[in-house]
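S.K.: Based on what follows, work out the 3D shape:
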Amino acid sequence: MCRNIKTLFNFEPPATEDEIHASALQFVRKLSGFNKPSQANEAAFDRAVAEVSDAARKLLTSLHTHAPARDREIEAERAKERSRLRFG
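M.R.: Just a heads-up that it's a prediction; the model follows:
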């Protein structure tokens, strides 16, 4: 499940709030083992997703690099090519 989390740092345009939330949701799903929590666990699950999103956002805004920003479309094409070579 975590292999679906994409790198969000150093892209142009920068990561959106939706992308950060989606990666936080995947991370919390992996940790908890729940794809969708029960009503009894829903509040804790949602709180964890919000806290991980906040932490991820803080991390992304505090990181620095001298490397040029990567283009999302070019990286997506490279990923498709790797997948094609791997799976035929």
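
S.K.: only C-alpha atoms for contact and neighbour calcs from this point on.
M.R.: Noted.

S.K.: quick check, distance from stretch 10-21 to the centre of its chain.
M.R.: 9 Å (CA atoms, centre = their mean, to the nearest Å).

S.K.: which parts of it are buried?
M.R.: Across stretch 10-21, burial judged by 16 or more other CA atoms under 10 Å covers Asn10, Pro14, Ala15, Glu19, Ile20, His21.

S.K.: Quick check, pLDDT for the closest residue to Pro68 other than its chain neighbours.
M.R.: Sequence neighbours aside, Asn10 is the residue nearest to Pro68 in space, at 7.6 Å (criterion: CA to CA, 6 or more residues apart in numbering). The confidence metric pLDDT takes the value 91 at Asn10.

S.K.: Then Leu60?
M.R.: For Leu60, the model assigns a pLDDT of 95.

S.K.: what about Phe27, how many residues close to it?
M.R.: Counted with other CA atoms under 10 Å, residues neighbouring Phe27 total 21.

S.K.: Work out for me the element it sits within.
M.R.: helix 17-32 (DSSP states H and E).

S.K.: Tell me the spacing between Ala15 and His66.
M.R.: To His66, Ala15 is 18 Å away according to CA to CA, to the nearest Å.

S.K.: re earlier: determine the set of other helices and strands touching the helix holding Phe27.
M.R.: helix 39-62 (3 or more CA pairs under 8 Å, 6 or more residues apart in numbering; DSSP states H and E).
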